[in-house]
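Visitor: need coordinates for the below:
(2 chains)
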There are 2 protein chains.
Amino acid sequence: MSTQQAGEKAIMTIPGEREIHVERVFAAPRERVFAVYIDPELIPHWWGPRGTSTRVEELDATPGGAWRFVVTDSDGSEIVFRGVFREVARPERLAQTFEWDGMPGYVSVDTAEFEDLGDGRTRVVTNSIFHTPEERDGMLESGMEKGMNETFDRLDEVLARS
Amino acid sequence: MSTQQAGEKAIMTIPGEREIHVERVFAAPRERVFAVYIDPELIPHWWGPRGTSTRVEELDATPGGAWRFVVTDSDGSEIVFRGVFREVARPERLAQTFEWDGMPGYVSVDTAEFEDLGDGRTRVVTNSIFHTPEERDGMLESGMEKGMNETFDRLDEVLARS
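Guide: Okay, the predicted model is just below:
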């Protein structure tokens, strides 16, 4: 049993050769956290590192539905991320593919499990699976951990005011 | 060293939990086999099991380029397969994603190595990687082996007359 507190940095581990495992606790009920994860109005307020802004171009949170977000960096450059939902089981589980348009055909699958901690808090356990060890390591080397922690901090802020 | 002969059934093995490995020998030089694999004029003559017909809607055999084939079954139903090329290294290696439109977001990566056997024959070694064991096993249970062997037999015929 983890003793991670809400708002603490995510716990990231790398089981096996092609996975990234992340756990993060949020000070909000499971239904609420799940809803914010797929809310096209709120995603621009938290999705992406600080200093970026995100535009939701497509978000069909149903099995087989597509998502496509455009992230504008502080220098004005645009980065496109997209994928397809594989599972949408409110409020327990989301699974979706994840691709960066800069490397078409390099697709990971992110599965997020939303755990009700019974005290109004929620632990989100995310497992990302890559086809090859090289793709997993490339993601780790992209600076994802810093960006992910900033994203989760911004999500804390959205949850606190909503 | 395999003693597989040209035209013999493919050797299929399932290393690990999420891979399918296939070896098949063709009685044609490597350059020729590689070229036929990505030739939009010839693909309709061999791609797919016997009794089906395949239409190439898109085929951009460059890294990041898309492919999309529509297979019409004997009963007239259409099945769409598609993906993106990750590597195109003529005449040694092709890597591409593979998706069936019936299960969006379930993406495998197929890597084909073309080995020059030095006597005018070519061994094609294909490795398919899936994100999960369930996806690999689902592919095995789809009847792929029969369809694959028919496809390779049709490719033998195309190579023999070209």
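Visitor: mind listing what A:His45 touches?
Guide: Shown in contact with A:His45 (Cβ atoms under 8 Å, 6 or more residues apart in numbering or on different chains): A:154, A:157-158. Backbone N, C-alpha and C define where each C-beta goes, glycine included.
Visitor: among the residues you listed, name the ones in helices.
Guide: Secondary structure from DSSP state H places A:154, A:157-158 of the contacts of A:His45 in helices.
Visitor: one step back: reformat the contacts of A:His45 as TSV; add neighbour count.
Guide: Below are the contacts of A:His45 laid out as TSV (neighbours: other Cβ atoms under 10 Å in any protein chain shown):
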residue	neighbour count
A:Arg154	17
A:Glu157	12
A:Val158	17
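Visitor: near chain B too, which of those residues?
Guide: Among those, no residue sits close to chain B (Cβ under 8 Å from any Cβ of the partner chain).
Visitor: looking at chain A, which strand is longest?
Guide: Taking DSSP state E as the criterion, chain A has its longest strand at strand A:78-89.
Visitor: what are the pairing partners of that one, and which direction each?
Guide: When pairing is defined by DSSP bridges, strand A:78-89 lines up against strand A:66-72 (antiparallel), strand A:93-100 (antiparallel).
Visitor: for the shortest one, which positions count as buried?
Guide: Of the residues in strand A:66-72, those buried by neighbour count under the rule 16 or more other Cβ atoms under 10 Å in any protein chain shown are A:66-69, A:71.
Visitor: which of the residues you listed lies closest to chain B?
Guide: Ranked by distance to chain B (Cβ to the nearest Cβ), those are led by A:Ala66 at 8.0 Å.
Visitor: wait, the closest one sits on A:Val56?
Guide: No: counting by Cβ atoms under 8 Å, no contact exists between A:Ala66 and A:Val56, whose distance comes to 11.5 Å.
Visitor: interface residues of chain A facing chain B?
Guide: Counting by Cβ under 8 Å from any Cβ, the residues of chain A near chain B are A:64, A:66, A:83-86, A:96-97, A:103-109, A:129, A:131-132.
Visitor: and the residues you listed, which of them are buried?
Guide: A:66, A:83-86, A:96-97, A:104-109, A:129, A:131.
Visitor: first to last residue in stretch A:61-76, what's the distance?
Guide: 28 Å (Cα to Cα, to the nearest Å).
Visitor: can you give me the helices for chain A?
Guide: Going by DSSP H, chain A shows helices at A:30-37, A:133-141, A:144-161.
Visitor: next, the angle strand A:93-100 makes with the first one.
Guide: Think helix A:30-37. 20 degrees (axes from the mean of the first three to the mean of the last three Cα atoms, to 10 degrees).
Visitor: cool, and the second one?
Guide: Helix A:133-141 and strand A:93-100 are oriented at 90 degrees to each other (the same axes, to 10 degrees).
Visitor: which helices and strands sit right next to helix A:133-141?
Guide: strand A:19-26 (3 or more Cβ pairs under 8 Å, 6 or more residues apart in numbering or on different chains; DSSP states H and E).
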